[in-house]
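J.: quick one, structure for this:
(one chain, ligands or ions: 2)
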Amino acid sequence: MIRVAVLGAAGRMGGTVVEAVRAAPGLELVAALDSGDDLAEVRGAGADVAVDFTVPTVTRGNVAAMVDAGVHCVVGTTGWDEESLAQVRERLRDRPEVGVLVAPNFALGAVLAMRFAEQAARLFESVEVVELHHPDKVDAPSGTARHTAERVAAARHAAGLGPVPDATSQTMDGARGADVDGVRVHAVRLRGLVAHEEILLGNPGEQLTIRHDSFDRASFMPGVVHAVRRIGTRPGLTVGLEHLLDLG
Ligand SMILES: NC(=O)C1=CN([C@@H]2O[C@H](COP(=O)(O)OP(=O)(O)OC[C@H]3O[C@@H](n4cnc5c(N)ncnc54)[C@H](O)[C@@H]3O)[C@@H](O)[C@H]2O)C=CC1
Ligand SMILES: O=C(O)C1=N[C@H](C(=O)O)C[C@H](O)C1
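T.: Ligands and ions are numbered 1, 2, ... in the order given. This next block holds a predicted model:
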């Protein structure tokens, strides 16, 4: 039995994870924490794995505390960058047995969409990313869109491609969206949406659109449960659910 603690348990995702863990064979929910709760309860409850769906401003501290306590982490909260990931790697040096997964998106289709975009990127002159979410989301661009743009940019660089063509001068700040490693990322916030992403790739006479839709937070749960089951056998820091999916 894998004993699971959920951090952010009163939130949209945390509450969904609590129900998913309760329903998952071989998993036992031993702690459900939210703002103001003592992280020591995680270790006190004997948790093997902590699942963090909190907020960008606290997730780093949560992961640090879990690593120090020898608790594996499955982290969905966004706001991670190379510096904060490097801090986790450094902290894990004293806890080499602990596994930490930071995944911008646990929806299997989203993971595939990012992989497809990375594969297609070197074959197109232009690429831009549009992410679309519910208006209660606290951050923009989404972690998924940022991760997608970073991987697309890396693939373009590896293929020797130069900057995407763009002769536009912005007459208003933000008109061309955020610039993530030379890839433009646009964020839409709309009541009625959950989580959606489009990657637009363009060449003369054609456009390829790769789109993923999460219509319900249930879409993230198979990936979260899979990661909880696997993280105990994957010490160190892993970034991206794809590394636990044997995609080849
Ligand atoms: N990786 C993925 O597949 C997904 C990631 N996310 C990300 O997960 C995060 C949470 O998203 P939502 O659940 O929609 O947000 P939310 O705002 O509904 O939930 C966040 C919860 O964290 C709690 N919290 C704040 N500080 C805390 C602390 N110090 N300790 C414990 N709990 C604390 C809040 O009280 C709240 O209940 C966001 O960063 C979002 O971008 C969301 C969906 C999927
Ligand atoms: O806040 C959300 O809802 C989501 N956040 C994650 C992100 O920022 O990429 C994952 C998904 O898009 C839903």
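
J.: hey, where'd the strands end up in the chain?
T.: 2-7, 27-33, 49-52, 72-75, 99-102, 126-133, 178-180, 183-189, 195-203, 206-214, 236-239 (DSSP state E).

J.: mean neighbour count, mean pLDDT and distance to residue 20 added to these, as CSV?
T.: Backbone N, C-alpha and C define where each C-beta goes, glycine included. Below are the strands of the chain laid out as CSV (neighbours: other C-beta atoms under 10 Å; pLDDT from 0 to 100; distance: least, C-beta to C-beta, whole Å):
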stretch, mean neighbour count, mean pLDDT, distance to residue 20
strand 2-7, 25, 98, 9
strand 27-33, 20, 98, 9
strand 49-52, 28, 98, 9
strand 72-75, 28, 98, 12
strand 99-102, 25, 98, 16
strand 126-133, 22, 98, 21
strand 178-180, 15, 97, 31
strand 183-189, 19, 98, 26
strand 195-203, 20, 98, 16
strand 206-214, 15, 98, 14
strand 236-239, 18, 98, 20
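
J.: Throw those strands into JSON lines and include distance to residue 111, thanks.
T.: Listed next are these as JSON lines, based on distance: least, C-beta to C-beta, whole Å:
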{"stretch": "strand 2-7", "distance to residue 111": "21"}
{"stretch": "strand 27-33", "distance to residue 111": "21"}
{"stretch": "strand 49-52", "distance to residue 111": "17"}
{"stretch": "strand 72-75", "distance to residue 111": "14"}
{"stretch": "strand 99-102", "distance to residue 111": "12"}
{"stretch": "strand 126-133", "distance to residue 111": "15"}
{"stretch": "strand 178-180", "distance to residue 111": "18"}
{"stretch": "strand 183-189", "distance to residue 111": "18"}
{"stretch": "strand 195-203", "distance to residue 111": "11"}
{"stretch": "strand 206-214", "distance to residue 111": "9"}
{"stretch": "strand 236-239", "distance to residue 111": "12"}
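
J.: pLDDT wise, what is the residue in the chain sticking out farthest from the centre at?
T.: For the chain, the C-alpha farthest from the mean C-alpha position belongs to residue 205; by C-alpha atoms, centre = their mean, that distance is 33.4 Å. Per-residue confidence for residue 205 comes out at a pLDDT of 98.

J.: ditto for residue 248
T.: So residue 248 comes in at 78 (pLDDT).

J.: returning to what we had before: export the strands of the chain to CSV and tack on distance to ligand 2?
T.: Output for these, formatted as CSV (distance: least, C-beta to the nearest ligand atom, whole Å):
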stretch, distance to ligand 2
strand 2-7, 16
strand 27-33, 19
strand 49-52, 13
strand 72-75, 12
strand 99-102, 12
strand 126-133, 5
strand 178-180, 13
strand 183-189, 10
strand 195-203, 4
strand 206-214, 6
strand 236-239, 13
